[in-house]
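Novice: Based on what follows, work out the 3D shape:
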Amino acid sequence: LASILLGTFAAFVMLLLFSLGHLPIYERPSYNGEEGASLWSLAVGLLVSIVSFTSWKSRQQVFLDRICINHEDADMKTEAIFSLAGVLKASK
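Specialist: Sure thing, here's the model as predicted:
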């Protein structure tokens, strides 16, 4: 959610800067009388979203035992519970 909000905010800032004339226009062939276009909002919004999504560090650490432990097979569940100490010791 944070990366989406940051990307949207960055795209809005680029839209505002483009509207005020601080960013150049991308010249393209005119099909219906339009002067040009701005790719700033799309490019910067997408870039900020991707960078924040890949580099965001969560403050919470989560242990996903639903994925790690088979809750349907009693023997496998018992074996997994006994091996949790080794898993936790090897984790950060």
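
Novice: Identify all contacting residues around stretch 42-51.
Specialist: Ser3, Ile4, Leu6, Gly7, Thr8, Phe9, Ala10, Ala11, Val13, Met14 (CB atoms under 8 Å, 6 or more residues apart in numbering). (Glycine included, C-beta is placed from N, CA and C.)

Novice: Dump that stretch to CSV, keeping only the CA atoms.
Specialist: Presented in CSV, the C-alpha positions along stretch 42-51 are these (Å, rounded to 0.1, in the frame of the first residue of the first chain):
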residue,chain,number,x,y,z
LEU,A,42,3.6,7.6,-15.7
ALA,A,43,7.4,7.2,-15.7
VAL,A,44,8.1,8.7,-12.3
GLY,A,45,5.1,7.2,-10.6
LEU,A,46,5.9,3.8,-11.9
LEU,A,47,9.6,4.1,-11.0
VAL,A,48,8.9,5.4,-7.5
SER,A,49,6.4,2.6,-6.9
ILE,A,50,8.8,-0.1,-8.0
VAL,A,51,11.8,1.3,-6.1
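
Novice: what mean pLDDT does it have?
Specialist: For stretch 42-51, the mean per-residue pLDDT is 92.

Novice: still on that earlier bit, columns neighbour count and secondary structure on top of the contacts of stretch 42-51, output as JSON lines?
Specialist: Below are the contacts of stretch 42-51 laid out as JSON lines (neighbours: other CB atoms under 10 Å; DSSP: H, G, I helix; E, B strand; the rest coil):
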{"residue": "Ser3", "neighbour count": "16", "secondary structure": "helix"}
{"residue": "Ile4", "neighbour count": "12", "secondary structure": "helix"}
{"residue": "Leu6", "neighbour count": "17", "secondary structure": "helix"}
{"residue": "Gly7", "neighbour count": "21", "secondary structure": "helix"}
{"residue": "Thr8", "neighbour count": "14", "secondary structure": "helix"}
{"residue": "Phe9", "neighbour count": "12", "secondary structure": "helix"}
{"residue": "Ala10", "neighbour count": "21", "secondary structure": "helix"}
{"residue": "Ala11", "neighbour count": "20", "secondary structure": "helix"}
{"residue": "Val13", "neighbour count": "15", "secondary structure": "helix"}
{"residue": "Met14", "neighbour count": "21", "secondary structure": "helix"}
